[in-house]
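[1] I'll drop the sequence and a predicted model, then ask my questions.
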Amino acid sequence: MQCPYCGIAVADGARACSSCRAVLVSTCRHCGAETGVLARECAACGQRLAPEPRPAPPSPPPPPERPVPADRNVVATAILTLVTCHIWYFVALYQVAEDVNLHRGRRVLNPLLDILLIFLTCGLWAFYVMYRYPTEIGDMLREEGEPPNDMVLACILLSFVGLWVIPPILMQNELNRHWAWHRGAAT
């Protein structure tokens, strides 16, 4: 016997489908005999049966509302990075990573480990960070239905030529654009 709703094989005499949990038997309102849920007439008394509408399956709960961090001033980031002899660069990377983690609702980036590895590898790990962070931002935007700007190559090349101040600004600008998109979608 097959379930009339999902088509999965069920045991003869089963009262409910083990797969979709649909009820497979009903009671004749005329004689009280059990009959198949989709039967048009009762096998015991021959009376015509009105089909009972099957309740719609419950709709899945809406996705949780993701927190939207505040915009950060990219000009201030550039100035602070230059004034602090690139120390603010690490603060900006940390802020970008933490904003992404907050918005995604899970830790996908580990900024403290990345900053430590940048120091331990004399800056070589920064090239991986310039690949990983923009990639994660792009994935986040695609998952939420917004077209991302591909920043990976630009961030790596700018870092390679020594313009370390620009990649965190590009990433923060992309995040600011995404936060504005969220605020616009919410209103």
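    Perfect, thanks for sending it.
[2] Could you check the pLDDT of the closest residue to R40 other than its chain neighbours?
    Among residues not flanking R40 along the chain, L49 sits closest, at 6.1 Å (C-beta to C-beta, 6 or more residues apart in numbering). For every residue, glycine as well, the C-beta is placed using N, CA and C. On pLDDT, L49 comes in at 77.
[3] Now that L49 has come up, it's in contact with V37, right?
    No - L49 is not in contact with V37 according to C-beta atoms under 8 Å; the separation is 9.6 Å.
[4] Which neighbours do these two have in common?
    With contacts defined as C-beta atoms under 8 Å, 6 or more residues apart in numbering, the residues shared by L49 and V37 are S26.
[5] For T35, see how far away the residue sitting furthest away from the middle of the chain is.
    Distance to the chain centre peaks in the chain at C45, reaching 54.5 Å (criterion: C-alpha atoms, centre = their mean). From C45 across to T35, the span is 10 Å (C-beta to C-beta, to the nearest Å).
[6] got the residue ranges for the helices in the protein?
    74-83, 87-104, 111-120, 125-143, 152-160, 166-186 (DSSP state H).
[7] Tell me which of the ones you listed sits nearest to S26.
    helix 125-143 (43.4 Å; C-beta to C-beta).
[8] any idea how far that closest one is from the chain center?
    Distance of helix 125-143 from its chain centroid, counting by C-alpha atoms, centre = their mean, to the nearest Å, is 16 Å.
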